[in-house]
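Visitor: here are the coordinates; sequence isn't available:
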Ligand code: GLN
């Protein structure tokens, strides 16, 4: 069986790591920079990076409206970190001109963990992933402050000052994590997304 073709939005950010994780998950990963490339994928990953820069580049590359349209049409998508921010319906602590995609009915706060703990790692229980906990790497990460009706919480920070903060969600065919599973070599979060794309 050949896997689905999944795009990685390649305007900025850690594209290569996501393409590698998709390959390990049985999907064909392709970089997406143009509307025609977006048309050809069965699902899309929006990587980490800088959400306000990516928002600007989406407009520059004429991808903003085509991507909004495909998401509205049911395109499965997975956003990590800045990707979560872009998929949200409301963003706190962002620039007033930053665009977002309204794919998930959530409110996220950018850089929420604060400067003292810019980056950290922890082990998480992740709904739908059995076996060992998932190692989560947070890099100037957002968290989810409001979860709308129909949004499933997949993971929360287990302990420490941010205990209980929501850091992974799913609504229909769209999922998002505050953290970066593509940097740990564990492809189980990507496998979950590939399964989601297959089921659509
Ligand atoms: N802080 C970044 C933003 O606001 C996200 C960081 C990341 O993607 N690693 O877009």
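Guide: On my side now, so go ahead. Since the model is a prediction, treat every value here as computed from it, not as a measurement.
Visitor: And the closest residue in space to residue 144 that isn't next to it in sequence, how far from residue 83?
Guide: If the residues on either side of it in the chain are set aside, residue 144 comes closest to residue 166, at 4.0 Å by Cβ to Cβ, 6 or more residues apart in numbering. Where C-beta positions appear, they are placed from N, C-alpha and C, glycine not excepted. In this view, residue 166 and residue 83 are 16 Å apart by Cβ to Cβ, to the nearest Å.
Visitor: More neighbours: which of these two?
Guide: residue 83 (30 against 19; other Cβ atoms under 10 Å).
Visitor: correct me, but that one touches residue 48?
Guide: Yes. At 6.4 Å, residue 83 and residue 48 qualify as touching, with contact defined as Cβ atoms under 8 Å.
Visitor: Run the chain-centre distance for the strand or helix carrying residue 195.
Guide: Element membership for residue 195, per DSSP states H and E: helix 188-198. Put simply, helix 188-198 sits 12 Å off its chain's centre (Cα atoms, centre = their mean, to the nearest Å).
Visitor: Give me the contacts around it.
Guide: 3-4, 6, 18, 21-22, 24-27, 42-43, 45, 76, 78, 126, 128-129, 131, 134, 170, 173, 175, 177, 181-182 (Cβ atoms under 8 Å, 6 or more residues apart in numbering).
Visitor: redo that, cut-off 7 Å
Guide: 3-4, 6, 21-22, 25-27, 42-43, 76, 78, 128-129, 134, 173, 175, 177, 181 (Cβ atoms under 7 Å, 6 or more residues apart in numbering).
Visitor: which residues touch the residue nearest to residue 144?
Guide: 143, 144, 147, 153, 156.
Visitor: any idea which of these is closest to the ligand?
Guide: Closest to the ligand out of the contacts of residue 166 is residue 143 (11.4 Å), distances taken as Cβ to the nearest ligand atom.
Visitor: surely that closest one meets residue 109?
Guide: Yes. With contact defined as Cβ atoms under 7 Å, residue 143 and residue 109 form a contacting pair (6.0 Å).
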